[in-house]
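Asker: How does the following fold in three dimensions:
(chains A and B)
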Protein chains: 2
Amino acid sequence: MTTIAVPSQVSIRDDAEALYKACKGWGTDGKAIIEVLGRRNASQRKLIRLAYEELYEEDLVRRLEKELSGDFEKAVYRWILDPADRDAVLAHVELRESSDEHPVLVEISCTRSSEELLSIRRAYHARYKRSLEEEIFDNAKGDTRKLLIGMVSAFRFEGEEINKKLAKSEAKDLHEAIKDKKLDNDDVIRILTTRSKMQLQATFNCYREEEGTSITKNLPNNSKNEFLATLRITVRCLQDPKKYFEKVLRNSMQRIGTDEDALTRVIVTRAEKDLKEIKELYYKRNSVRLEEAVDKETKGDYKDMLLTLLGSDV
Amino acid sequence: MTTIAVPSQVSIRDDAEALYKACKGWGTDGKAIIEVLGRRNASQRKLIRLAYEELYEEDLVRRLEKELSGDFEKAVYRWILDPADRDAVLAHVELRESSDEHPVLVEISCTRSSEELLSIRRAYHARYKRSLEEEIFDNAKGDTRKLLIGMVSAFRFEGEEINKKLAKSEAKDLHEAIKDKKLDNDDVIRILTTRSKMQLQATFNCYREEEGTSITKNLPNNSKNEFLATLRITVRCLQDPKKYFEKVLRNSMQRIGTDEDALTRVIVTRAEKDLKEIKELYYKRNSVRLEEAVDKETKGDYKDMLLTLLGSDV
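Answerer: Numbers count the residues shown, from 1 in each chain, chains lettered A, B, ... in the order given. Prediction:
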């Protein structure tokens, strides 16, 4: 469930005007920007952009980019974009930077719906004049590349139907690959990239029943091996996305120096999906409310923006 | 361009009634069925199905399956389906039968647009409760499987932008793979499955300029090797789809015993796309009109159906 607090009455025109006022003249009123954008859902934000463009003949996103800076700018920029377009941007940025485990590509291919993933691929074409697969082809290598291209190209079946016999035999295939240290074989990659999420749940359950332990516990935890690290978060993301996101949030604030990019990404991409449940998991796991942790680790408008998306009054 | 002759005035209700009359009682009036369905475009056929269902509380497709038989039934059945649904059926049939070069999978992934291919994958989910990739995973093996999954999962960029430097370097990669007999390497597969069709045209042109001969001429022609055979028709299909389809038609009627499945498939799937140009190519290449060849090789209602789709009066 969503965490953002959308007022019952919203006037798109008033919102556009408030944003214009917040950006006008010297200095920028960050609070006013948060007050509007942090409490509007995706379709309202889209309408606000359109209304702003019509009223002021200027692209709101560009204007905000000029006005804001640092982590606050990044958070607002990611938040205001269409979800599919935002994911295309996140994927592009990740591919241009070096990343060890490719969390963005894993997240968009394992936690978005099949149709959402298609929209992301479409948005990628429109923005970068090439396909996401091509971008991966040119920027990753070896088995990691194979895994990532398979993942983003998947159009997984989303029905309830599962095949128990298949789950059992593929659980065995996965176990053998782990035991023989042959996780880079094509079958492992194909199982993870073509099967439906329901089918994979059944496979992971069979694994636990047969081996007495979860597959994630058995997977090698080798953060220096790019392929194994990416494979590991793929399985975690497929097995329990909310638990996975909780851990990303926890890690982002546990290290010396907060990982703002990860923190922003999870809050922005999950706020309208399952951030409420992720917050509950976070509290259970850490005995600290996520809002408190964010309040301690961040500051200024950036902090207020994140807390607003988490549903707090700031 | 299309070859079917749609009258300027069409009444969907009259069409549904005519089909009902053609199926009523003993015997079936094949001519009447051809007269209606053979001269209606995809959206009209869809409306006719809906109108028939509403008027007679019966699925027209099922009724026709009961009434007709043999090659005529197959042609009518393939023709009446939604194009994406038809392609899903054709792919499913091919995967269930043993096929050496997988022409259907190659054709749907190389000659349909990126959005059309997505619709086919969607139709596959709806009809078979699993993804097309999974079906290939379970029914093909080795490098052929890798190539086919890559092909159907592609969402190729369709803009005009090409990268000449890339075309040159990938033409070289392809040439080296051919020279070293290493066509099963992942790079060859990735080039063919991720690059846009325009980019691949540029690559094949560079190949011709550098090597003085076309890539299709250089590819091994080994019909006994499933992977090489599939790869070869993939390149032919990407390089010049109309020329490829002309050859499929030619081969389907050149052998002793016509290959009705191939003949029907090309006519039905291309009739509303580029069959006019394919007909012209056929005449140029064979000095016989395609209609004459079909007239000679087929008979009965099946013949009349094909000729009607080719735009002849029968």
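
Asker: Hmm, A:Leu183 is touching A:Ala229, no?
Answerer: No: using C-beta atoms under 8 Å, A:Leu183 is not in contact with A:Ala229, being 11.4 Å away. C-beta coordinates here come from the backbone N, C-alpha and C atoms, glycine included.

Asker: Spell out which parts of the stretch 51-200 of chain A neighbour chain B.
Answerer: A:118, A:121-122, A:125, A:129-134, A:137, A:146, A:149-150, A:153-159, A:161, A:186, A:190, A:193-196 (C-beta under 8 Å from any C-beta of the partner chain).

Asker: can you list contacts of stretch A:298-314?
Answerer: A:3-5, A:30-31, A:33-35, A:38-39, A:68, A:70-72, A:75-76, A:79, A:258, A:260, A:263-264, A:267-268, A:271, A:275-276, A:279, A:290-291, A:294-295 (C-beta atoms under 8 Å, 6 or more residues apart in numbering or on different chains).

Asker: With stretch A:185-196 instead?
Answerer: With C-beta under 8 Å, 6+ apart, stretch A:185-196 has contacts from A:143, A:146-147, A:150-151, A:153-154, A:156-159, A:162, A:170, A:173-174, A:177, A:182, A:200, A:203, A:231, A:234-235, A:238, B:130-131, B:133-134, B:137, B:146, B:149.

Asker: Just the ones of these in helices?
Answerer: Within the contacts of stretch A:185-196, residues falling in helices by DSSP state H are A:143, A:146-147, A:150-151, A:153, A:170, A:173-174, A:177, A:200, A:203, A:231, A:234-235, A:238, B:133-134, B:137, B:146, B:149.

Asker: Now do the same contact list for A:Arg16.
Answerer: Wrong residue type there; residue A:16 is Ala, not Arg. Here A:Ala16 is in contact with A:Ile48, A:Ala51, A:Tyr52, A:Leu55, A:Tyr56, A:Leu60 (C-beta under 8 Å, 6+ apart).

Asker: Between which two of the residues you listed is the distance greatest?
Answerer: Distance extremes for the contacts of A:Ala16: the farthest pair is A:Ile48 and A:Tyr56 at 11.8 Å, using C-beta to C-beta.

Asker: So between these two, which is more surrounded?
Answerer: Between A:Ile48 and A:Tyr56, counting by other C-beta atoms under 10 Å in any protein chain shown, A:Ile48 is the more crowded of the two (23 against 16).

Asker: secondary structure element for the residue lying closest to the more buried one once chain neighbours are set aside?
Answerer: Taking C-beta to C-beta, 6 or more residues apart in numbering or on different chains, and ignoring the residues beside it in sequence, A:Ile48 has A:Asp15 as its nearest neighbour in space, at 4.9 Å. Using DSSP states H and E, A:Asp15 sits within helix A:12-23.

Asker: which element follows that helix toward the C-terminus?
Answerer: Later in the chain than helix A:12-23, the nearest helix or strand by DSSP H and E is helix A:30-37.

Asker: in that following helix, what counts as buried?
Answerer: For helix A:30-37, the neighbour count (16 or more other C-beta atoms under 10 Å in any protein chain shown) marks A:Gly30, A:Ile33, A:Ile34, A:Glu35, A:Val36, A:Leu37 as buried.

Asker: Over to stretch A:132-146?
Answerer: Quick answer for stretch A:132-146 (16+ other C-beta under 10 Å): A:Leu132, A:Glu133, A:Glu134, A:Glu135, A:Ile136, A:Phe137, A:Asn139, A:Ala140, A:Asp143, A:Thr144, A:Arg145, A:Lys146.

Asker: Closest one of the contacts of A:Ala16 to B:Lys21?
Answerer: Using C-beta to C-beta, those come closest to B:Lys21 at A:Ala51, 56.2 Å.

Asker: how much space between that closest one and chain B?
Answerer: 30 Å (C-beta to the nearest C-beta, to the nearest Å).

Asker: Grab the nearest non-local neighbour of that residue.
Answerer: A:Ala16 (4.2 Å).

Asker: what pLDDT does that neighbour get?
Answerer: Turning to A:Ala16, the model gives it a pLDDT of 97.

Asker: Chain neighbours aside, what residue packs nearest to the residue in chain A that chain B sits nearest to?
Answerer: Using C-beta to the nearest C-beta, the closest approach of chain A to chain B is made by A:Ser153 at 3.5 Å. Distances taken as C-beta to C-beta, 6+ apart place B:Ser153 nearest to A:Ser153, at 3.5 Å, with adjacent residues excluded.
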